[in-house]
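**Q** Sequence and predicted structure are below.
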Amino acid sequence: MTANLLLAITAGVLVASGVYLLLERSLTRILLGVLVISNGVNLLFVVAAGRPGTPPIVGLGDPETTSDPLPQVMVLTAIVITMAVAAFVLTVAYRSFQLHGHDEVADDVEDARIRRLAEADAASESYEDTTFSDSGEDVVSE
């Protein structure tokens, strides 16, 4: 089985650029990243399928030259899943635009508090120092 190197490199570039878009704060760019990654993975499925052959229909051609139907089914499934994820991200972006006037992902308040505590090298209020007694039971020190 020989793989087309150009298609494999193209799939890698698509996945890499999709990951870059996923790291952005705008939900529109996140959606584009999901779509680009999906196209890259679908292309990888096609590359992994091997040489093209006759359609995988029983009785239509020689079984030796028939292409493998499993990658085709996986690509179709991936397309459906990508469409569902795209619809979900679009609804989240639309709702965010309705509420805030933009589709930027906001910082989480709890994450910002934990980051400030980490920078100050202080323990959070919810941290409990537990030690074990000789009997094996937890003892909470206050």
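**A** Sure, I can see it.

**Q** any idea how far the residue nearest to the spatial centre of the chain is from residue 20?
**A** For the chain, the residue lying nearest the average C-alpha position, counting by C-alpha atoms, centre = their mean, turns out to be residue 34 (6.8 Å). As for residue 34, its distance to residue 20 is 12 Å (criterion: C-beta to C-beta, to the nearest Å). In short, each C-beta sits where N, CA and C put it, glycine included.

**Q** can you map out the strands along this protein?
**A** Counting by DSSP state E, one finds strands in the chain at the ranges 130-132, 138-140.

**Q** Skipping adjacent residues, who's closest to residue 17 in space?
**A** Counting by C-beta to C-beta, 6 or more residues apart in numbering, residue 17 lies nearest to residue 36, which is 5.7 Å off, once chain neighbours are set aside.

**Q** pretty sure the residue nearest to the centre of the chain is touching residue 15, no?
**A** No. Residue 34 lies out of contact with residue 15 (C-beta atoms under 8 Å); the separation is 11.4 Å.

**Q** tell me the phi and psi of residue 68?
**A** Here the main-chain torsion angles of residue 68 (degrees, to the nearest 10) amount to phi -80, psi 120.

**Q** quick one: it and residue 52 touch, right?
**A** No. Under the criterion of C-beta under 8 Å, residue 68 makes no contact with residue 52, lying 10.2 Å away.

**Q** Between these two, tell me which one has more neighbours.
**A** Ranked by neighbour count (other C-beta atoms under 10 Å), residue 68 and residue 52 place residue 68 first, with 14 against 9.

**Q** what helices or strands is the longest helix along the chain leaning on?
**A** With DSSP state H setting the assignment, residue counts place helix 69-100 as the longest helix in the chain. Other elements packing on helix 69-100 under the criterion 3 or more C-beta pairs under 8 Å, 6 or more residues apart in numbering; DSSP states H and E are helix 27-48.

**Q** The spatially closest residue to residue 33 that is not a sequence neighbour and residue 71, how far apart?
**A** Closest residue to residue 33 in three dimensions, ignoring its sequence neighbours and counting by C-beta to C-beta, 6+ apart: residue 21, at 3.0 Å. Using C-beta to C-beta, one obtains 25 Å as the distance from residue 21 to residue 71.
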